[in-house]
Each structure stands twice: as C-alpha cells, then as structure tokens.
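Undergrad: Show me how the following folds:
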Amino acid sequence: MFFERDSESTDRRSVNVATFLTFAFWGSFLLFMSIYSMWVLDDLYNIHSVILFIGLVIFFTTRLFIEISQKRK
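TA: Have a look, this model is predicted:
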C-alpha cells in the first residue's frame, strides 16, 4: 500500500474499498470507546495496538476478497 508502485497489477478499487472499511472500523470503534468511557467512567484497557492490528487485518482481508471475487468474474 505505501511502498508499492502504482502499476496496472494493483487494483485501485479494492485498495480504496479496503481503506474505507478500515477507517470506518477505526472511527466507529474509537467512538464506541469514548462513549463507553464517558458513561461507565472507566477506561477500557489500553488496547490501541490491538485496534491497529485488527484494522490491518480488515484491510488486507478485504483487499484479498475483492481481488479474488473480481478474478472469478
């Protein structure tokens, strides 16, 4: 994603959809964490690295699924 050259082999649509889903996950989860900490008055454990890892897994699996589904068509 960051160090790949823009070539014809890179499917821009799958990268854009995967990026959108990743940021949507991160944004919604961080919003949930902030609302939870306001209502319960207790912070969740420091799980920011876990959130980052789950977001990266979402990115790469979404990109893989979209590329596989487009190759079948």
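Undergrad: So which bits of the longest helix anywhere in the chain are buried?
TA: In the chain, with assignment by DSSP state H, the single longest helix is helix 12-40. Neighbour counts over helix 12-40 (16 or more other C-beta atoms under 10 Å) mark S14, V15, V17, A18, L21, T22, F25 as buried. In this view, the C-beta of every residue, glycine as well, is placed from N, C-alpha and C.
Undergrad: what stretches of the protein score poorly on pLDDT?
TA: Flagging of the chain using pLDDT under 70 yields the residue ranges 1-10, 41-44.
Undergrad: middle-most residue in the protein, spatially?
TA: Nearest residue to the geometric centre of the chain (C-alpha atoms, centre = their mean): T22, 1.9 Å.
Undergrad: show me what contacts that residue?
TA: G55, L56, I58, F59, T62 (C-beta atoms under 8 Å, 6 or more residues apart in numbering).
Undergrad: Looking at those residues, which are in helices?
TA: Per DSSP H, the subset of the contacts of T22 in helices is G55, L56, I58, F59, T62.
Undergrad: Could you report the separation of L56 from R13?
TA: Counting by C-beta to C-beta, to the nearest Å, the gap from L56 to R13 is 19 Å.
Undergrad: Turn the ones in helices among the contacts of T22 into TSV, columns for distance to L30.
TA: Formatted as TSV, these follow (distance: C-beta to C-beta, whole Å):
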residue	distance to L30
G55	10
L56	15
I58	14
F59	16
T62	19
